[in-house]
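1. No sequence on hand, only this structure:
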């Protein structure tokens, strides 16, 4: 069975790593907060491993989850 | 009183601390009188909720109104014809005019409230047998009360029928039938006798579990174990006695022997009659009609105590009363696992004390919030994001922006000026002007400390950081020769009084002694600071100061001890910007005049809410209130003030860190303000980018996005770069780590 992902973003070739000059690809990453971990798929640089968190995700779902975890 | 329990589940990493026990919760709840009955209900021997009757009747719903009466007694028609109306005298409206004609409303309920045939919730049948002796209303009512409780009842009577009892009170056949519908389904057997004889008692007692005898039989002293009642005249008292007697019967059956008499309890419910005008009754029992009853019911002021809620935007926002809220908070503190639903509510209380001052009994809601916040911090349950920005701001005030110096030319000083972190952030020019004036006119030297008193840590329930701030202050104060601390903010003064023994004075007090020149002839309003709620002297001194400046004062609603918080208190501005904004709007909306404040945080909040406002020192020194500074400007102002004073007075050079040249695209600064992202954060992120080169190029928008983890937050900056510097197109952050 495939590993569960809480969120997936495909960069669709529109994002490039400024340092390595290569296109970001969909890669595995883990969000962590207050002892909780959430596997996700985010745009990642295949060369240096730089992980990109888009604004919609940070100010949307991530913020909501942060707030609910803080009230646990 | 405080029952402290502490449990540490080390293995599971749960830490729970019960700040106080249920007993203390009940004691705290009991201070609030809002759940006490209204005066009419307390005066009624049957405790009929006449406030609810009026409420339904005012809406023309007599069926519901009648239902309220029928929950207390089925004898609605009996009351409608015979109730003596003791409640009318008790009605608070009887003070300025006529009390509500409640017997007339009872009559209207009987006339327009329907038959009363309702599906009554029946208690399970009980096996015990009871007996009632008597020919009067008491016996009938007692039989109903016991029957309703599920007991089998034998009614020994010389009456020919139940209706006879009611017709003696003037009820028609239909009215009596209507009242008696409530007897349907009850296990009441009528044992008709020629005459009731006392001798029957022993025999009946032997075959039943409990016996009740009507006082109207005048059988004198009864054998032990038989329930007696007081002889009464008025029907409502007779019904109340029957209710009480049936209660005693039930207790006796349950083995709880008591001879407790029926007591009429007084209500403690506080009802303000301010603004309530007296009026005449619109109807009476004889002439009542549906329309006149509705009119009469509309006169009811629906007695309730809202003293704490009236002026508190926070309680209105959460639609809570403090009594209910403390129970929620208590439960919130008791949860080991699960969601802490009241966290937001606890952290949105500014602890200003307005509700406590407004409460006739001094219900201390802020104290419970304070206790809850401390418990949350101690058990690691305080949401980390709630106060972090404010605490970092305090750290900034007491590190980078901190300044402590004796007056040039002095080693120790007689005085020390402590303007507070808000004054330096909001109006540095005022601080400079006031310090210059104090130096010039006071002898013995006036030292200066720019920093935070520790109020921020206190509000955030961080005892450790408060202690740190206090030690830092005390060390500087001692080095200056333990001078008198002149505070420009009542909250700072309160903190020093509470946690230290330093002698303090308000700047307004000192300036009054030195002499104040008139500068204005305006009529103004004065917004009192939360820090001055407990000090009549400060509030009076400030008013004298304002009048000496030449102004006339027009007091606002909710002023003095009952002034609402501006929204800054309790760090609500950071913890819950929405509630803080509403608070500021309410505080600012109390007057159309210029509102003078004596706390710079109040001035800032009121200006944000659009009020014509200034601090008393701004007025005194002719400093024009500038535009509202954003979060970055507030920090910059503090540094700039420190740099200017160090250079001009102490001839010391202070270099501020140079920032990269950055231009912000339209709307970005406002967005950063809402997200509490500082320009210095953006600067640090961009500087890190210059070193690492780590960023993502977004082809669609043609900009770069870079990030940096600063403390507990990852900041992201969207930017483009040109020769003249950076243009920032957006900034956002998250607390989660990502790897």
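-> Alright, I've got the coordinates. Values in this document were obtained by computation on a predicted structure and should not be read as measured data.
2. Most distant residue from the centre of chain B?
-> Relative to the C-alpha centroid of chain B, counting by C-alpha atoms, centre = their mean, residue B:194 is the outermost residue, at 63.9 Å.
3. least trustworthy helix or strand in chain B by mean pLDDT?
-> Ranking every helix and strand in chain B by mean pLDDT, DSSP states H and E puts strand B:5-9 at the bottom, with a mean of 43.
4. ok, back up a step: what's the separation between the residue farthest from the centre of chain B and residue B:135?
-> Summarising the geometry, the distance separating residue B:194 from residue B:135, computed by C-beta to C-beta, to the nearest Å, is 12 Å. The C-beta positions use only the backbone N, C-alpha and C, and glycine is treated the same way.
5. so how far is residue B:34 from the residue lying closest to residue B:137 once chain neighbours are set aside?
-> With C-beta to C-beta, 6 or more residues apart in numbering or on different chains as the criterion, residue B:137 has its nearest non-adjacent residue at 5.1 Å, and that residue is residue B:238. From residue B:238 across to residue B:34, the span is 32 Å (C-beta to C-beta).
6. What are the buried residues along the helix or strand where residue B:720 lies?
-> Assigning secondary structure by DSSP states H and E places residue B:720 in strand B:713-722. Applying a neighbour-count criterion of 16 or more other C-beta atoms under 10 Å in any protein chain shown, one finds B:713-719 buried in strand B:713-722.
7. just the residues you listed that are near chain A?
-> The subset of the buried residues of strand B:713-722 lying close to chain A, counting by C-beta under 8 Å from any C-beta of the partner chain, consists of B:714, B:716, B:718.
8. now those residues in JSON lines, with pLDDT?
-> As requested, these are arranged in JSON lines below (pLDDT from 0 to 100):
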{"residue": "B:714", "pLDDT": "98"}
{"residue": "B:716", "pLDDT": "98"}
{"residue": "B:718", "pLDDT": "98"}
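9. For the chain, give me the ranges with low pLDDT.
-> Answering for chain A, as no chain was given. Per-residue confidence for chain A (pLDDT under 70) gives these ranges: A:1-4.
10. actually it's chain B I care about, not the one you picked
-> By pLDDT under 70, the weakly predicted segments of chain B are B:1-17, B:116-122, B:259, B:262.
11. list the buried ones in the longest helix anywhere in chain A?
-> Of all the segments of type helix in chain A, defined by DSSP state H, the longest one is helix A:63-70. Of the residues in helix A:63-70, those scored as buried under the neighbour-count criterion (16+ other C-beta under 10 Å) are A:63, A:65-66, A:69-70.
12. Please identify the buried residues of stretch B:296-306?
-> The neighbour-count check on stretch B:296-306 (16+ other C-beta under 10 Å) flags B:296-297, B:299-301, B:303-306 as buried.
13. Would you pull up the residue in the stretch 301-450 of chain B closest to chain A?
-> At 3.5 Å from chain A, residue B:383 is the closest residue in the stretch 301-450 of chain B, using C-beta to the nearest C-beta.
14. list the contacts for the nearest residue to that residue once chain neighbours are set aside?
-> Nearest in space to residue B:383, with sequence neighbours left out and distances taken as C-beta to C-beta, 6+ apart, is residue A:70 at 3.5 Å. With contacts defined as C-beta atoms under 8 Å, 6 or more residues apart in numbering or on different chains, residue A:70 is in contact with A:34, B:343, B:383-386.
15. Residue B:125 contacts residue B:148, correct?
-> No. Judged on C-beta atoms under 8 Å, residue B:125 makes no contact with residue B:148 at a distance of 11.6 Å.
16. what about residue B:227, distance to chain A?
-> Here the criterion is C-beta to the nearest C-beta, to the nearest Å. By it, residue B:227 lies 54 Å from chain A.
17. quick one, strands of chain A?
-> A:15-17, A:25-33, A:36-44 (DSSP state E).
18. who has more neighbours, residue B:238 and residue B:34?
-> Regarding residue B:238 and residue B:34, a neighbour count based on other C-beta atoms under 10 Å in any protein chain shown identifies residue B:238 as having more, with 29 against 19.
19. what about the more buried one, which SS state?
-> With DSSP: H, G, I helix; E, B strand; the rest coil as the basis, residue B:238 sits in helix.
20. Start and end of stretch B:81-92, how far apart?
-> Using C-alpha to C-alpha, to the nearest Å, the span of stretch B:81-92 from its first residue to its last is 24 Å.
21. and what of stretch B:600-615?
-> The stretch stretch B:600-615 measures 6 Å between its terminal residues, going by C-alpha to C-alpha.
22. Name the residue of the stretch 151-300 of chain B that lies nearest to chain A.
-> Of all residues in the stretch 151-300 of chain B, residue B:270 sits closest to chain A, at 34.9 Å by C-beta to the nearest C-beta.
23. quick one: that residue and residue B:308 touch, right?
-> No. Taking contact to mean C-beta under 8 Å, the distance of 10.4 Å between residue B:270 and residue B:308 leaves them out of contact.
24. how about the residues of chain B near chain A?
-> Among all residues of chain B, those adjacent to chain A (criterion: C-beta under 8 Å from any C-beta) are B:13, B:337-341, B:343-344, B:383-386, B:675, B:692-700, B:704-707, B:714, B:716, B:718, B:730, B:732-739.
25. Now go through the residues you listed and say which are in helices.
-> Among the residues of chain B next to chain A, DSSP H puts B:343-344, B:384-386, B:692 in helices.
26. mind putting those in a markdown table, neighbour count included?
-> As requested, those are exported to a markdown table (neighbours: other C-beta atoms under 10 Å in any protein chain shown):
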| residue | neighbour count |
| --- | --- |
| B:343 | 23 |
| B:344 | 17 |
| B:384 | 15 |
| B:385 | 17 |
| B:386 | 22 |
| B:692 | 13 |
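27. for the buried residues of stretch B:296-306, which one is nearest residue B:668?
-> Of all the buried residues of stretch B:296-306, the one sitting nearest residue B:668 is residue B:306; the distance, using C-beta to C-beta, is 43.7 Å.
28. what's near enough to touch the closest one?
-> The neighbourhood of residue B:306, defined by C-beta under 8 Å, 6+ apart, contains no residues.
29. Can you pull the phi/psi pair for it?
-> Torsion angles at residue B:306 (phi, psi; degrees, to the nearest 10) stand at phi -120, psi 20.
30. now swap in residue B:405 and tell me
-> phi -150, psi 140.
31. ok, it to residue B:448 distance?
-> Applying C-beta to C-beta, one obtains 6 Å for the distance of residue B:405 from residue B:448.
32. out of the two, which sits in the more crowded spot?
-> Per other C-beta under 10 Å, whichever of residue B:405 and residue B:448 has more neighbours is residue B:448, with 27 against 19.
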